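In: Sharing a sequence plus its predicted fold:
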Amino acid sequence: DAKTTQPNSMESNEEEPVHLPCNHSTISGTDYIHWYRQLPSQGPEYVIHGLTSNVNNRMASLAIAEDRKSSTLILHRATLRDAAVYYCIPTPGGTNKLIFGTGTLLAVQP
Amino acid sequence: EPEVTQTPSHQVTQMGQEVILRCVPISNHLYFYWYRQILGQKVEFLVSFYNNEISEKSEIFDDQFSVERPDGSNFTLKIRSTKLEDSAMYFCASSDLNYGYTFGSGTRLTVV
């Protein structure tokens, strides 16, 4: 399993963009990069995933470095509801499990 | 949006008792999982289930644990003889592997 490094915590102001970094230098060539978040007292929630190209969906954008050793989750306009722990999880395609690290605790200030 | 439903939301049980945690995965998903999160700690993988059998399990998932899909909709986790250290949030998840996993909101198990 690829080892990941994420900041323990980050702060943002409401309605500003947030860039959450993740280093995964030991990622395998076939690992997808998944991002999940966990709001207080809730189960993890899927955010986005990608393999090589940058990805966009209604929740966020994922920017993947050309060498795939790092990625950045971008929340374009943070809201109070985005305050959560964000997990970056490299995952083999077709795998049966997610291995959660400690993630980044994002605080959003009004 | 489709949801994974877990019941009960909170279960209190005495040490040594059996508990069954229930989950209704998303109807067209084929892969099912249980995870747990002890208070203040990481989310931990327990077991994955596909085609009516366990496809992978962690070291945590010992002989005290079992999973079952008794009908076409439910997916259960049974703990045969609960211990104090089994107290945790238990999350069920399902996936079609083309998208992300969908997690339920969890069952808080308290063993006293």
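Out: Right, received. Where do you want to start?
In: Give the full set of residues in contact with whichever residue of chain A sits closest to chain B.
Out: Taking C-beta to the nearest C-beta as the measure, chain A has residue A:46 as its residue closest to chain B, at 2.8 Å. Just so you know, the C-beta spots here come from the backbone N, C-alpha and C atoms, and that holds for glycine as well. Shown in contact with residue A:46 (C-beta atoms under 8 Å, 6 or more residues apart in numbering or on different chains): A:34, A:36, B:99, B:100, B:101, B:102.
In: export those to CSV and tack on pLDDT, distance to residue B:61 and neighbour count?
Out: Output for these, formatted as CSV (pLDDT from 0 to 100; distance: C-beta to C-beta, whole Å; neighbours: other C-beta atoms under 10 Å in any protein chain shown):
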residue, pLDDT, distance to residue B:61, neighbour count
A:34, 94, 22, 21
A:36, 97, 21, 24
B:99, 76, 25, 10
B:100, 85, 23, 21
B:101, 92, 18, 26
B:102, 95, 21, 21
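In: just checking, which of the residues you listed belong to strands?
Out: A:34, A:36, B:102 (DSSP state E).
In: Reformat those as JSON lines; add distance to residue B:55.
Out: Formatted as JSON lines, the ones in strands among the contacts of residue A:46 follow (distance: C-beta to C-beta, whole Å):
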{"residue": "A:34", "distance to residue B:55": "18"}
{"residue": "A:36", "distance to residue B:55": "20"}
{"residue": "B:102", "distance to residue B:55": "18"}
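In: all strands of chain A, in order?
Out: A:9-13, A:18-23, A:31-38, A:45-50, A:55-56, A:61-64, A:70-75, A:84-92, A:104-109.
In: With chain B instead?
Out: Under DSSP E, chain B gives strands at B:5-7, B:10-13, B:19-24, B:31-37, B:43-50, B:53-57, B:65-68, B:75-79, B:88-95, B:102-103, B:107-111.
In: Who are the contact partners of the residue nearest to residue A:15 when sequence neighbours are not counted?
Out: Spatial nearest neighbour of residue A:15, excluding adjacent residues (C-beta to C-beta, 6 or more residues apart in numbering or on different chains): residue A:77 at 5.1 Å. Residue A:77 sits next to A:15, A:16, A:17 when contact means C-beta under 8 Å, 6+ apart.
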